[in-house]
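Novice: dropping the sequence and predicted coords here.
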Amino acid sequence: MGSCGTQWNGKIEQYSIFEVLAELGLALAGFAGVGSAFGGRFREYGKIDLIRLMVLFLAAGSVVAGSLAVLTLASYGIDDATNFSVVSAALALILGVAGVPLLLAAYRTVKDPEIVAPTWVFAIGIIYLLIVESLYVQNIIKGGESSPLIAAFSLSLVYGLWMFTRLMVRHNR
């Protein structure tokens with residue numbers, strides 16, 4: 001048994017398949033929601049809307065990519081500790097490389113006098129990035145466990161859904 005309660009001896013337990021399908025379904029529904037919302041709306045999207053959209057894709061995409069990476073490495077027989085450490089390291093790097101520039105763009109946008117966006121929303125983005133990055137780094141240092149990844153993925157989904165909500169209901173100049 002792996003630390004996730006899954007046996008990987010060439011077979012994936014039935015409940016694991018449903019867990020992965022639920023994650024992928026949630027991400028797919030989010031992407032489909034964004035696509036259909038944009039397809040039916042007749043307005044231009046400003047800088048802040050585009051940043052929200054990029055953050056949404058980064059958050060949801062990291063969950064899908066991380067989940068698939070965990071499953072792929074496990075299917076090759078990689079032990080759980082190595083698997084979770086490698087995925088955590090890859091996601092920490094990706095989030096650092098993509099997330100920090102997004103935060104800088106968000107900061108510049110929030111400071112633009114023509115944009116109406118509260119600074120506290122930017123602060124939540126910083127907190128999100130710090131928490132998720134610390135979960136990934138903690139997982140690398142501690143030797144790879146499933147719980148920090150699950151926590152980071154859960155937080156990313158919640159943050160992505162929040163960005164989606166703000167994108168759909170907020171109007172900024």
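Specialist: The structure has been received and is ready for your questions.
Novice: near residue 109, how many other residues are there?
Specialist: Using other Cβ atoms under 10 Å as the criterion, residue 109 is surrounded by 19 other residues. Every residue, glycine included, has its C-beta placed from N, CA and C.
Novice: for it, which residues are in contact?
Specialist: 47-48, 51, 115, 117 (Cβ atoms under 8 Å, 6 or more residues apart in numbering).
Novice: and the gap between it and residue 59?
Specialist: 18 Å (Cβ to Cβ, to the nearest Å).
Novice: with residue 76 instead?
Specialist: For residue 76 relative to residue 59 (Cβ to Cβ), the value is 27 Å.
Novice: chain center to stretch 49-63, what's the gap?
Specialist: The chain centroid and the centroid of stretch 49-63 are separated by 7 Å under Cα atoms, centre = their mean, to the nearest Å.
Novice: what residues sit buried inside that stretch?
Specialist: Of the residues in stretch 49-63, 49, 51-63 count as buried by neighbour count, 16 or more other Cβ atoms under 10 Å.
Novice: what's the answer for stretch 84-104, then?
Specialist: In stretch 84-104, counting by 16+ other Cβ under 10 Å, buried: 84-88, 91-92, 94-95, 98-99, 102-103.
Novice: what distance separates that stretch from the middle of the whole chain?
Specialist: Averaged C-alpha coordinates place stretch 84-104 at 10 Å from its chain's average position (Cα atoms, centre = their mean).
Novice: could you do stretch 48-57 as well?
Specialist: Put simply, stretch 48-57 sits 12 Å off its chain's centre (Cα atoms, centre = their mean).
Novice: cool, stretch 140-157 as well?
Specialist: How far stretch 140-157 lies from its chain's middle: 12 Å, per Cα atoms, centre = their mean.
Novice: any idea which helix or strand comes after the helix or strand of the chain with the lowest mean pLDDT?
Specialist: One helix or strand of the chain scores below all others by mean pLDDT, DSSP states H and E: helix 14-39, with a mean of 59. Following helix 14-39 in sequence order, the next helix or strand is helix 47-75 (DSSP states H and E).
Novice: which strands or helices does that next one pack on?
Specialist: helix 14-39, helix 80-111, helix 146-169 (3 or more Cβ pairs under 8 Å, 6 or more residues apart in numbering; DSSP states H and E).
Novice: tell me how far the residue nearest to residue 126 when sequence neighbours are not counted lies from residue 148.
Specialist: Nearest non-adjacent residue to residue 126, counting by Cβ to Cβ, 6 or more residues apart in numbering: residue 103, 6.4 Å away. To residue 148, residue 103 is 21 Å away according to Cβ to Cβ.
Novice: noted, bye for now.
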